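1. sequence first, then the predicted structure, then my questions.
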Amino acid sequence: MSASRRRAHAGAHESEERWLLTYADMITLLMALFMVLFSISSVNVSKYQTLQEALKAAFSGSVLPGGTSVQQTGNSPSSSQAPATSAEPEAIVPSTPSLGVNGGATAGQKAALAAQQQQQNLEELKQLVQEYANQHGLSKVVQAQVNVAGLEIRILSDHVLFASGQATLQSQAAPLLSDISHLLLAVVPKNPIVVEGYTDSVPTDTSQFPSNWYLSSARADAVLEFLLSSGVNPQLLSAEGRASLDPIASNATTAGRAQNRRVVIGVQRTGTTQSNYTITQPGVATTAP
């Protein structure tokens, strides 16, 4: 074979294998692409937030860190070699109240903590009253519940506090009211307390109690006087007669009327307006000194 034919054959063989170079380059690029995709598949949250803040600052139009020094001193070698500072990641808001500027809790945080503690105290008092009622077989007579206003301790009047149509506490009322007073002093010694007296809708017309208003006010006053004698702060006490208002059961039945004849000891949340020892009667309002 002549030299010219051998050169032509070698050139044709080289041309046929040139596609391998292109194929190898494409495979290399694909491998690099997959490596990049794999590297960004698991995002580092802190680094992502740093990048986000840096991009936000860059496109906001404001001067980036170090920009002012460049404007003032120019592009000196020392400034060009200084490392660029990255933006700080966004702070995570803590679930518990943080401290103020001077290291102390703010007024709002103190109020939130006080409200939380007060709620715990009311729940504790409710639990203690219910346990007492259950232990002494009074679960149907004494009930406690926490609401938006505070805590209500409801005591049915019949056979526990008063005789029918009377406002003088019976002897069996003393142990119950004494224990309730001790719980009030132990758990909520600074909360305002309102004693409310209620009757059924059956009217009363006696020389002592011309109407249910007088009867309900006298009963609330009697319970309040017992709390005073047990050591409850008089500045926190008040009494109201509600007569047959706000019934909790139907007055059409005997059982319903018995439910409505009750005295409610209301423990108010602190911060509410409260008068001192007010006894409400039609046209009569007295306040203790």
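-> Everything's here; your move. Residues are numbered from 1 along each chain as shown.

2. look up how far Leu176 lies from Gly137.
-> Counting by C-beta to C-beta, to the nearest Å, the separation of Gly137 from Leu176 is 11 Å. (Each C-beta comes from the backbone N, C-alpha and C, glycine too.)

3. next: Gly256.
-> When Gly256 is compared with Leu176 (using C-beta to C-beta), they lie 23 Å apart.

4. ok, Gly137 and Leu176, which is more surrounded?
-> Remark: of Gly137 and Leu176, Leu176 carries more neighbours, 20 against 8, as counted by other C-beta atoms under 10 Å.

5. verify the stated contact: the more buried one with Val160.
-> Yes: counting by C-beta atoms under 8 Å, Val160 is a contact partner of Leu176 at 6.8 Å.

6. tell me, what's touching the two both at once?
-> Leu138 (C-beta atoms under 8 Å, 6 or more residues apart in numbering).

7. shaky segments in the stretch 151-289 of the chain?
-> 271-289 (pLDDT under 70).

8. 50 instead?
-> Applying pLDDT under 50 to the stretch 151-289 of the chain flags the ranges 273-289.

9. who's in contact with Ala255?
-> By C-beta under 8 Å, 6+ apart, the neighbours of Ala255 are Ala249.

10. hang on, I meant Asn212
-> By C-beta under 8 Å, 6+ apart, the neighbours of Asn212 are 199-201, 203-204, 243-244.

11. what of Leu138?
-> 132, 160, 176.

12. distance of Val160 relative to Arg219?
-> 12 Å.

13. the two: which is more packed in?
-> Arg219 (28 against 18).

14. please identify the helix or strand for the closest residue to that one other than its chain neighbours.
-> In space, and not counting its chain neighbours, Arg219 is closest to Gly197: 4.0 Å by C-beta to C-beta, 6 or more residues apart in numbering. According to DSSP states H and E, Gly197 maps onto strand 193-198.
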